[in-house]
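In: Got a sequence here, can you model it:
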Amino acid sequence: MRLSPLLLLCTLVIGCTSGSTSSPSQPTAQGPTQDERAAEAMLVNAGARIDKDASGAVVLVDFSGKPIDENLMKRIGTLPKLQKLLLRGCPVDNAMLKEVGSPKDLQVLDLRETQVTGTALEQICQCTQLKNLQFRGNPITDADLKHVGRLTELKVLGLDETAVEGATLESLAGLKQLEELYLFGAPFKEANLAKLAPFTKLKRIRLRGTKIDGSSFEALAELTALEDLDVSETNFSDAAVAHLLEHNGLKKLNLWATKITDQSLPNVAQLTSLEWLNLDRNSIGDAQIEELTKLPNVTWLHLGSTALTNDGLQKLAPMTQLKTLIVTRTGVTGEGAAQLATKLPETEIQHVYMPEN
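Out: Numbers count the residues shown, from 1 in each chain. This next block holds a predicted model:
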């Protein structure tokens, strides 16, 4: 059968079209560019530790404790998917940090023990995806914190050994996700302690060596997520310990070198969720030490530099869950420790002080 000219033309057109049509290509992950690979090589050769994602893009750069210069900082700034930048102990100042810019995907920035000052926070806080921002020993003041309120994704804020007193904590009201706050060695004042109340997701607070006595801690009753509290080397008192009873989720409590006495022990004994407890260097003796046996979950207990004696030590025999018990620089002798060891064979009892090298 002969095809009509029109039908033959249609057949040819359809046939050609169907033969040249292909299914749409699936998008593929684009690998690093040549410039990115060159930047990666330069950083690694300079001693950086790096991590990469599935596509091969650098997402972590760690120069902690290593020398770094302006040129390397500039190279870091060219990495398009950078998420973590660790510069602890590096000779980095504000001018060098400017070379990095404000990476849009940056989530972790560690600037502890660098020369970066609070002035750099205006630049840093343009990285709105930051979840972890840490300083230590940097000259950062309360006035500098005004920019940090923009970091609404922030979960960890480290301000150890800065100049922060806490006067402008209201400027951080936008940090609804904050879970950890570190203020060790800062001149943080008791008058500003209550300003932590809005941060209801706080799990860990480090106030070691600050200017507090804990009298305002009752204002923090709504911090029900609190698990780890360090108020060591402060004037935290017996009255302040009573304010901790609202925090029935506490797992770790550091009361080393505070102002507590035997009177605090009945209240401490009510914190039954505790797993780690440091009572070192306090006015505690044998009188109420058996109160601690009401803590069923404590596996690490420090009673060093107290007035504990062999008699008081034996009262801890019911604490069979203990893994570590430290009673150095007390009245406990080798004989007393050995006697308790027969009742707590699974517990490491440290009664001889061993100075760190």
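
In: Where does the prediction get shaky in the stretch 1-150 of the chain?
Out: 1-29 (pLDDT under 70).

In: what ranges do the strands span in the stretch 151-300 of the chain?
Out: 156-160, 180-182, 204-206, 228-230, 252-254, 276-278, 300-302 (DSSP state E, counting those that start in this stretch).

In: Rebuild these as TSV, extending it with mean pLDDT, distance to residue 293 and mean neighbour count.
Out: Where you see a C-beta, it was placed from the backbone N, CA and C, and this is true even at glycine. Putting the strands of the stretch 151-300 of the chain into TSV (pLDDT from 0 to 100; distance: least, CB to CB, whole Å; neighbours: other CB atoms under 10 Å) gives the following:
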stretch	mean pLDDT	distance to residue 293	mean neighbour count
strand 156-160	98	35	21
strand 180-182	98	31	21
strand 204-206	98	27	20
strand 228-230	98	22	21
strand 252-254	98	17	22
strand 276-278	98	12	20
strand 300-302	98	11	20
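
In: Nearest to residue 195, out of the ones you listed?
Out: Closest of the strands of the stretch 151-300 of the chain to residue 195 is strand 180-182, at 11.2 Å (criterion: CB to CB).

In: Distance from the chain centre to the closest one, please.
Out: The chain centroid and the centroid of strand 180-182 are separated by 6 Å under CA atoms, centre = their mean, to the nearest Å.

In: one step back: can you list the strands of the stretch 151-300 of the chain in TSV and add distance to residue 147?
Out: Below are the strands of the stretch 151-300 of the chain laid out as TSV (distance: least, CB to CB, whole Å):
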stretch	distance to residue 147
strand 156-160	12
strand 180-182	17
strand 204-206	22
strand 228-230	27
strand 252-254	31
strand 276-278	35
strand 300-302	39
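
In: Which one, of those, ends up nearest to residue 289?
Out: Ranking these by proximity to residue 289 (CB to CB) places strand 300-302 first, at 10.6 Å.

In: got a list of what the spatially closest residue to residue 150 that is not a sequence neighbour touches?
Out: Spatial nearest neighbour of residue 150, excluding adjacent residues (CB to CB, 6 or more residues apart in numbering): residue 125 at 4.8 Å. Contacts for residue 125 (CB atoms under 8 Å, 6 or more residues apart in numbering) come out as 147-148, 150-151.

In: same deal with residue 35?
Out: Residue 35 makes contact with residue 78, according to CB under 8 Å, 6+ apart.

In: Look up phi and psi at it.
Out: Recorded main-chain torsions at residue 35 are phi -60, psi -40, according to degrees, to the nearest 10.

In: Also residue 335?
Out: According to degrees, to the nearest 10, residue 335 has phi -60, psi -40.

In: Skipping adjacent residues, who's closest to it in space?
Out: Distance criterion CB to CB, 6+ apart; nearest residue to residue 335, sequence neighbours excluded, is residue 310 at 7.0 Å.

In: Roughly how far does residue 58 sit from residue 217?
Out: 44 Å (CB to CB, to the nearest Å).

In: Please apply the same query to residue 195.
Out: Distance, residue 195 to residue 217, by CB to CB: 12 Å.

In: the more surrounded of the two?
Out: Using other CB atoms under 10 Å as the criterion, residue 195 and residue 217 rank with residue 217 on top: 26 against 19.

In: wait, isn't that one in contact with residue 240?
Out: Yes. If you go by CB atoms under 8 Å, residue 217 and residue 240 touch, sitting 5.4 Å apart.

In: So which residues of the stretch 151-300 of the chain form helices?
Out: 238-242, 265-268 (DSSP state H, counting those that start in this stretch).

In: out of those, nearest to residue 253?
Out: helix 265-268 (7.6 Å).

In: Dump the closest one to PDB, restricted to CA.
Out: Taking C-alpha atoms only, helix 265-268 is exported to PDB below (Å, rounded to 0.1, in the frame of the first residue of the first chain):
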ATOM      1  CA  LEU A 265      23.200  18.400 102.900                       C
ATOM      2  CA  PRO A 266      19.500  17.600 103.600                       C
ATOM      3  CA  ASN A 267      18.600  19.900 100.700                       C
ATOM      4  CA  VAL A 268      21.300  18.400  98.400                       C
END
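
In: ok, and what's touching that helix?
Out: Contacts with helix 265-268, where a contact means CB under 8 Å, 6+ apart, come from 238, 241-242, 244-245, 253, 255, 274, 277, 279, 284, 288-289, 291-292, 295.

In: and residue 52, what does it touch?
Out: By CB under 8 Å, 6+ apart, the contact set of residue 52 is 58-59.

In: where's it relative to residue 188, distance?
Out: According to CB to CB, residue 52 and residue 188 sit 39 Å apart.

In: Kindly report the same for residue 81.
Out: In terms of CB to CB, residue 81 sits 36 Å off from residue 188.

In: out of the contacts of helix 265-268, which one sits closest to residue 130?
Out: In terms of CB to CB, no member of the contacts of helix 265-268 lies closer to residue 130 than residue 253, at 29.2 Å.

In: who's that closest one bridged to?
Out: Taking DSSP bridges as the rule, residue 253 bridges to residue 229, residue 277.

In: Cross-check the contact I'm expecting between it and residue 229.
Out: Yes. Proximity of residue 253 to residue 229 meets the contact threshold set by CB under 8 Å, at 5.5 Å.
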